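Colleague: sequence and computational prediction follow.
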Amino acid sequence: MAFDYDKYIRPGKLPHIWCPGCGHGIVMKGLIRAIDTCGLEKNNTAIVSGIGCASRLPGYLDFCTLHTAHGRAAAFATGVKMAKPEMNVILVGGDGDGTAIGGNHFIHACRRNIDMTYIIMNNNIYGMTGGQFSPCTPTGAKASTTPYGNPDPAFDVAKLAIGAGATFVARGTAYHATQIDKLIAEAIQHKGFSVVEILDDCPTTYGRRNKFKSVIEMMNRLKDVAVPIKAAEKMSAEQLEGKIITGVLYKEERPNYTDEYAKVIARAK
Amino acid sequence: MAKKVAFLQGNEAAAQGALYAGCSFFAGYPITPSTEVAEVMSAELPKIGGKFIQMEDEIAAMAAVIGGSLTGSKTLTATSGPGLSLKQELIGYACIAETPVVIYNVMRGGPSTGMPTGPSQSDVMCAKWGTHGDHPAICLVPASVQEIFEETVRAFNLAEKYRTPVMVMPDEIGAHMRERIVFPEPGELEVINRTAPTVSPAEYKPYDTKFGDVPPLAAFGTDYRFHVTGLNKAEDGFPTTKAALVQAEEERQIRKVDANIDEIVQFEEYQLEDAEIAIVAFGSTSRSARFAVNEARKQGIKAGLFRIKTFWPFPDKQIAALAGKVKAFITPEMNLGMCTGEVKRCAEGKASVSGIFRVDGEPINPGQILEKIKEVM
């Protein structure tokens, strides 16, 4: 039987705002399947976002949803989780929102290892504002504010999350649609701060400036650059040049923030 | 039984007032001269099962108290000038999303880093105009340790009642001064909680004007699921760009405060019945002003004091009425004329307005005010 997405979609809120060919819808479907797999209760689940195309996602889903200010999703979500640790808290957003203006909140959520799941849809660009370069735009790429090519080096979101202390870090792509829900489900089930980076595409503001002839070509690029972590382990540095490793990249067990604060309460009483 | 009496610092009294009001969540970032509030809350909240979190920056602290409030908790953050500047982004969010939060801001010298340990009263305009867009503003300016306690309780009440952020803004003198405080018994001061929805979850809309200008607010993690955004929104909480709806929603947000000014605005009148000169002052400056009024009276000068307790909304009506009675206003303040401008606006030229301004980190003393009284006589 076909999966019933409607069960989790807010009535009357579709169609979404995303352009034809954008991968955000694929990620949203993956998130829905993951939530279903994990059996999360709607009333007890908050989905929190910042600003940008990807951050419009919570409005379509039938949960407690919080569309915050640019970059601030992790900070708002931390307030929700601290005040009600029994709630499941999922963050969604884009690369500009999460790693530029929200970079500080992102790394501190990682450091605290607060039990939330953060899905970053990385399409290498600020899409909603018309295609300015983000901290995840590759060096040399064209954006509306890098007409001569991007001089900035890009963040490796997964490495940033691991370095900052996230205890579960995974990466997938919008092309590998059937893997997305599995990565997100594992992230949700992980106790601690989990980060799932989904390499995404923005045909409207990135593709057309960077000589991608079609959405299919952008999707094929995601297919071509992705190397599953198991396969990558057997490959040489030269073979991995230009590739992006996908799968569960990092996992460790470490006390999470709200459990640790429960101990503070016990000590204070 | 005798009431509990203590010798307390203003910031400590703010924390105690918050706890009295039922605050169970604090998020903050260290900043002089308000840090004692965070210190007290970090010690007291876990004792009652509440939550304290020191965030990575001022903006994050503001975000966390809004997030916490949406789960049904009463939440507080504390800061000072530079922190207030940073928080403005999300103070606007709390306004448009109509989320009750209390912001305790101690006024120190500015702009920028200014004089972190010096007193000031220069954040009062920032309290109203700091965040962009039209929005309601409530700002309380207590003048004693006792009043910091009581006004913090009132701030929570106003935030809960009107679903809006409320600021409590003592100057650094009030915040760091120690004096006697008599703790009210539980139940002695009114404590207001936000109105919970009475409709079923299926019928619930977070901005349902069927229930008046302040619609009931449900909590995340209950049977009520709803959407919150910083975009202009319709009654159901979802973004809208429909012109008539946006206009109506914006006007309703302002009306929540404007239609209730008489209930929100508090002030104290001292020796004003026959006064020819009215001093308009707030915070610690009002204490010097009271002393100056007493001295002037001893010398046969008919001076009085209008003490502002609620800076926003400004006591327009009261100042306008006074302007028809007195010859002159004197407005001492630790800034370069913020309250003075408001008094001039309300006086509409019916009485002269003379300011006394200090921004050197020193308080305005009674002698300075007495001198000005004689000057304008």
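Modeller: That came in fine, so what should we check first? Please read all numbers here as calculations on a predicted model, not as lab measurements.
Colleague: okay, B:Gly67 and chain A: tell me how far apart.
Modeller: 3 Å (CB to the nearest CB, to the nearest Å). For glycine as for every other residue, the C-beta is placed from the backbone atoms N, C-alpha and C.
Colleague: please parse chain B into its domains.
Modeller: Following automatic domain parsing, one gets these domains for chain B: B:5-182, B:209-262, B:268-376.
Colleague: save the ones you listed as TSV, and put in mean neighbour count and mean pLDDT too.
Modeller: Output for the domains of chain B, formatted as TSV (neighbours: other CB atoms under 10 Å in any protein chain shown; pLDDT from 0 to 100):
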stretch	mean neighbour count	mean pLDDT
domain B:5-182	23	98
domain B:209-262	17	97
domain B:268-376	20	98
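Colleague: nearest to A:Ile9, out of these?
Modeller: domain B:209-262 (12.8 Å; CB to CB).
Colleague: is the closest one in proximity to chain A?
Modeller: Yes - using CB under 8 Å from any CB of the partner chain, domain B:209-262 comes into contact with chain A via B:220-231, B:238-239.
Colleague: restricted to helices, list these.
Modeller: Judged by DSSP state H, those include no members of helices.
Colleague: looking at the residues you listed, which is nearest B:Arg358?
Modeller: B:Gly230 (38.1 Å).
Colleague: ok, the closest one - contacts?
Modeller: Contact analysis of B:Gly230 by CB atoms under 8 Å, 6 or more residues apart in numbering or on different chains lists A:51, A:67-69, B:92-93, B:96-97.
Colleague: and which of these is nearest to A:Tyr148?
Modeller: A:Ile51 (27.6 Å).
Colleague: find the nearest non-adjacent residue to the closest one, please.
Modeller: Distance criterion CB to CB, 6 or more residues apart in numbering or on different chains; nearest residue to A:Ile51, sequence neighbours excluded, is A:His70 at 3.8 Å.
Colleague: and the gap between B:Asp171 and B:Met115?
Modeller: As defined by CB to CB, to the nearest Å, B:Asp171 lies at a distance of 12 Å from B:Met115.
Colleague: apologies, that question was intended for B:Ala278.
Modeller: On the measure of CB to CB, B:Ala278 and B:Met115 end up 30 Å apart.
Colleague: next, count neighbours for the residue of the stretch 151-269 of chain A found nearest chain B.
Modeller: Closest to chain B within the stretch 151-269 of chain A is A:Ala268: 3.6 Å, counting by CB to the nearest CB. A:Ala268 has 16 neighbours, counted by other CB atoms under 10 Å in any protein chain shown.
Colleague: for it, what are its contacts?
Modeller: Residues near A:Ala268 by CB under 8 Å, 6+ apart: B:43, B:46-47.
Colleague: chain A next: which of these are close?
Modeller: B:43, B:46-47.
Colleague: B:Ser34 contacts B:Ser80, doesn't it?
Modeller: Yes - B:Ser34 is within contact range of B:Ser80, at 4.8 Å (criterion: CB atoms under 8 Å).
Colleague: which residues are in contact with each of these two?
Modeller: Common neighbours of B:Ser34 and B:Ser80 (CB under 8 Å, 6+ apart) are B:105-106.
Colleague: for residue 191, give me the pLDDT.
Modeller: Here I'm looking at chain A. Looking at A:Lys191, its pLDDT is 98.
Colleague: the chain in question should be chain B.
Modeller: Taking B:Val191 on its own, its pLDDT is 98.
Colleague: does B:Asn232 touch B:Pro239 like I think?
Modeller: Yes - using CB under 8 Å, B:Asn232 is in contact with B:Pro239, at 6.8 Å.
Colleague: secondary structure class for the nearest residue to A:Tyr60 once chain neighbours are set aside?
Modeller: Nearest residue to A:Tyr60, sequence neighbours excluded (CB to CB, 6+ apart): A:Lys13, at 5.0 Å. Secondary structure, DSSP: H, G, I helix; E, B strand; the rest coil: A:Lys13 is coil.
Colleague: and A:Pro85, by the same measure?
Modeller: Here A:Pro85 is recorded as coil under three-state DSSP.
Colleague: which residues are in contact with it?
Modeller: Taking CB under 8 Å, 6+ apart as the test, what A:Pro85 contacts is A:115, A:258-259, A:261-262.
Colleague: try it again with 6 Å
Modeller: With contacts defined as CB atoms under 6 Å, 6 or more residues apart in numbering or on different chains, A:Pro85 is in contact with A:Thr258.
Colleague: and it, how far is that from B:Ser24?
Modeller: For A:Pro85 relative to B:Ser24 (CB to CB), the value is 13 Å.
Colleague: quick one, strands of the stretch 151-300 of chain B?
Modeller: Taking DSSP state E, counting those that start in this stretch, the strands of the stretch 151-300 of chain B run over residues B:165-168, B:178-182, B:227-229, B:267-270, B:277-282.
Colleague: so which of the contacts of B:Gly230 is the closest to B:Ser284?
Modeller: Nearest to B:Ser284 among these, with distances taken as CB to CB, is B:Gly92, at 29.1 Å.
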